[in-house]
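Colleague: below are the sequence and a predicted model for it; my questions follow.
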Amino acid sequence: MNGSRKVLFVLGSGVSAFKCPMIDEISKKVLDPSGLQLQSWHSKHNAYEIIKVLTGFLGELDKTARKLPVEPTYEDLFSMCKQLHDWEIGRNRDPALTQFRDHIYRENAQLWKFFEGGHYFGRKPLAAIARKSSILINEVIRVLISGALQHVENEDLKPLKLIKDAIAEYGAENVDVLTLNHDTLVEKLMEGETQWTTGFDPTISQDGDLTNYSSDAFANRSQVRIVKLHGSIDWYYVGTNKMNFRWVKMSPRQHQEVVFNQLKNESGETFYDDCETASELTGVTTKTQAYTEGIHGELYMQARQLLREHNHIICSGYGWKDYGVNTMLREWAKEHYQCTSKHLLLLHNSSNKHEFETNKQLRFWPDDWGSQKRKDWFQWYPVWLSETEIGTIDDVFWNN
């Protein structure tokens, strides 16, 4: 173990493909969630009718998006819902959205009228259907991923073995993880092996029956800090009858089985679950705004702190479509001109090495980034994380 060898893993959804549903599957299920156990809707007497209206609305948004030369995903649909909702409630009156908003309002009256006059944004039915549709998208994400993770054995986690090997080689104090994934595969990998945190530590912030999120949990640098910038399927937003809401951690199965009004804080007050506030951050155009507020704002600051501390990054499975994350990495990369010890290793096994170059946000990449002969700060290896040995990391970062 060498204390001078520190590494930060930056992980996207591609590293979880061996176990979790990917963007295409989630997008299809958002438009047709039949067969899924959507817990939040079970108590509603007209749940079937509500979901039919919402999926009809999402289907119309999908048709609108397909007029552009791109294949829309659930993230695009979420962004469209968020923009419509914010327009209707006056939060964002961007003139560029006027034509889009008016088109949706005019062409989908038969759908948004379902919410007209109700207690839920009754005077703003388009805001109501947009908000409810985004809630449905979040729940589909959570149900699909949690379902895929019901049975995970140690053998299943072999594709993430490089992370454990790095911890064994360099020490827990020298390895951190910045993940954009909602799943809990990295946490399962860590269980029983070493000290680690995702921001939930009962010794730092425990209130009665529940452990709260606290940024103070990341202060201990002797542990592996796992910053889950896009949230997690096992985070829930709960409060008491005095409206003291906070983020807590429990497995989706526990969440299904627990009776929230039986959980108490230290003062004996009852906890309530805000099922409309999801930790799973999604939406192509909405993430950057989310990084300015709430738990995602705190996590964004933690992510920037990790980048300040690390000169060596291993990136895999990330599609480079989060402008906030790209901005962080671009700023980090600029420093390589002053700090020659900075290195980023991209592990991406693709037959089309130019696929990323269409993304204009990646201008900070070197022009010859695809060359295997590069010895500069940026190197690309056409292999996945699961195919990489710890010796390769040593060779790229420290043995040159």
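Modeller: Received the coordinates, thanks.

Colleague: CA atoms for contacts and neighbours, from now on please.
Modeller: Will do.

Colleague: confidence-wise, which helix or strand of the chain is lowest on average?
Modeller: The weakest-scoring helix or strand in the chain, judged by mean pLDDT, DSSP states H and E, is helix 252-257 (a mean of 68).

Colleague: so where do the helices sit in the stretch 251-400 of the chain?
Modeller: Under the criterion DSSP state H, counting those that start in this stretch, the stretch 251-400 of the chain contains helices at 252-257, 287-290, 294-309, 323-334, 390-397.

Colleague: so S27 touches E71, yeah?
Modeller: No: checked against CA atoms under 8 Å, the pair S27 and E71 is beyond contact range at 10.4 Å.

Colleague: where does this protein have low pLDDT?
Modeller: Within the chain, the ranges that satisfy pLDDT under 70 run 1-3, 39-45, 194, 242, 254-261, 336-340, 351-364, 366-376, 400.

Colleague: center of the chain, which residue is that?
Modeller: H230 (2.5 Å; CA atoms, centre = their mean).

Colleague: angles on the backbone of it, please.
Modeller: Main-chain dihedrals, H230, degrees, to the nearest 10: phi -100, psi 20.

Colleague: tell me the contacts of it?
Modeller: Each residue near H230 by CA atoms under 8 Å, 6 or more residues apart in numbering is listed here: 179-182, 279-282, 296.

Colleague: run the last query once more with 6 Å
Modeller: By CA atoms under 6 Å, 6 or more residues apart in numbering, the residues touching H230 are 180, 280-281.

Colleague: and A109, how far is that from G56?
Modeller: 12 Å (CA to CA, to the nearest Å).

Colleague: S34 now?
Modeller: Counting by CA to CA - S34 and G56 are separated by 13 Å.

Colleague: higher neighbour count, the two?
Modeller: G56 (17 against 12; other CA atoms under 10 Å).

Colleague: can you tell me which residues contact the more buried one?
Modeller: Per CA under 6 Å, 6+ apart, neighbours of G56: none.

Colleague: now do 8 Å
Modeller: 31, 111.

Colleague: let me see the ranges of the strands in this structure.
Modeller: For the chain, the strands defined by DSSP state E occupy 7-11, 175-179, 196-197, 206-207, 210-211, 224-228, 235-240, 246-249, 271-273, 312-316, 343-347, 378-381.

Colleague: rebuild those strands as TSV, extending it with mean neighbour count and distance to Q150.
Modeller: Listed next are the strands of the chain as TSV, based on neighbours: other CA atoms under 10 Å; distance: least, CA to CA, whole Å:
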stretch	mean neighbour count	distance to Q150
strand 7-11	23	22
strand 175-179	25	20
strand 196-197	20	22
strand 206-207	16	26
strand 210-211	20	22
strand 224-228	24	20
strand 235-240	20	16
strand 246-249	20	17
strand 271-273	20	22
strand 312-316	21	24
strand 343-347	22	28
strand 378-381	20	33
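
Colleague: fine by me, we can end here.
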